[in-house]
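# the following block contains a protein sequence and its predicted model.
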Amino acid sequence: MQVQVIDHPLIQHKVTLMRKQETGSKDFRNLLEEITMLMGYEITRDLPLEDIDVETPVATMKGKQISGRKIGIVPVLRAGLGMVQGLLDLMPTAKVGHIGLYRDPKTLKPVEYYCKLPDVKNRDFIIVDPMLATGGSASAAISLLKEKGIHHIKLMCLVAAPQGVKKVNTDHPDVKIYVAALDDTLNEHGYIVPGLGDAGDRIFGTK
């Protein structure tokens, strides 16, 4: 499996807090936002830099600034919305798109119901979704971006199952996957085990 598990102690501590069933929606949302920001440091490690002249209070120097491609953040509705602000706190100039998918009850395949993206020219895209379970929705979201002419794509999730990682690796071997935890498996209902339950319900307090 091609996946990078970001195992920083702060991230692992916060993921454990999120897993606890007694963690309420407010704390769950805050923790997800904090983890997303921490993961953002790692997934943006390869951003290109350029030299610029800077006048400090005492001297002139060569400083560094990010150059080149712009960033787009694309949450998969609805749970992916909980990861947007953490990345925007790091990259306030990033643009945000949205992808909506649902699973057809007969075919069990993801069906697009909404897609709104910023300008794709010279832009790297990060797809965010807390859970990578079967991988069907993530793979469909990546395919959707590629159909729009986007080829610089990363996938960032909180918790993943091996089945989901394998699905994305098979369908999109060019897309890097970043997760905070790689769990054991899926149960008969398609939930990640041990997982943390339904991320969307826990973020928004629904059942």
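Thanks, I have the structure now.
# the residue of the chain positioned farthest from its centre in helix, strand or coil?
Distance from the centre of the chain peaks at residue 58, with 41.1 Å (C-alpha atoms, centre = their mean). Of the three states, residue 58 takes coil according to DSSP: H, G, I helix; E, B strand; the rest coil.
# likewise residue 87?
helix.
# again, but for residue 139
helix.
# just give the nearest non-adjacent residue to it, would you?
residue 171 (4.5 Å; C-beta to C-beta, 6 or more residues apart in numbering). Placement of C-beta: from N, CA and C, glycine included.
# let me see the contact set for that neighbour.
By C-beta atoms under 8 Å, 6 or more residues apart in numbering, residue 171 lies in contact with 135, 139, 142, 143.
# what's the first helix or strand after the top helix by length along the chain?
Longest helix in the chain by number of residues, with DSSP state H as the criterion: helix 25-43. Per DSSP states H and E, helix 25-43 leads on to strand 49-55 as the next helix or strand towards the C-terminus.
# give the rounded mean pLDDT of the helix or strand following that following strand.
Toward the C-terminal end, the helix or strand that comes next after strand 49-55 (DSSP H and E) is strand 60-66. Averaged across strand 60-66, pLDDT comes to 94.
# got it, and stretch 92-101?
95.
# what's in contact with that stretch?
70-77, 84, 87-88, 110-119, 123, 125, 127, 137, 140-141, 144.
# swap the cut-off to 6 Å and go again
71-74, 76-77, 84, 110, 112-118, 137, 140-141 (C-beta atoms under 6 Å, 6 or more residues apart in numbering).
# which among those residues end up buried?
Buried members of the contacts of stretch 92-101, counted by 16 or more other C-beta atoms under 10 Å: 71-74, 76-77, 84, 110, 115, 117-118, 137, 140-141.
# show me those that map onto strands.
71, 72, 73, 74, 76, 77, 110, 115 (DSSP state E).
# give me phi/psi at residue 161?
phi -110, psi 150 (degrees, to the nearest 10).
# can you check the pLDDT for it?
So residue 161 comes in at 97 (pLDDT).
# measure it to residue 56 for me?
49 Å (C-beta to C-beta, to the nearest Å).
# with residue 169 instead?
In terms of C-beta to C-beta, residue 169 sits 46 Å off from residue 56.
# more crowded one of the two?
Set side by side, residue 169 and residue 56 show more neighbours around residue 169, with 16 against 8, by other C-beta atoms under 10 Å.
# what sits against that one?
By C-beta under 6 Å, 6+ apart, the neighbours of residue 169 are residue 2.
# how about the secondary structure of it?
helix.
# tell me the pLDDT of it.
98.
# what do you get for residue 122?
pLDDT, residue 122: 86.
# count the neighbours of the nearest residue to it once chain neighbours are set aside for me.
Nearest residue to residue 122, sequence neighbours excluded (C-beta to C-beta, 6+ apart): residue 69, at 5.3 Å. When counting by other C-beta under 10 Å, one arrives at 14 neighbours for residue 69.
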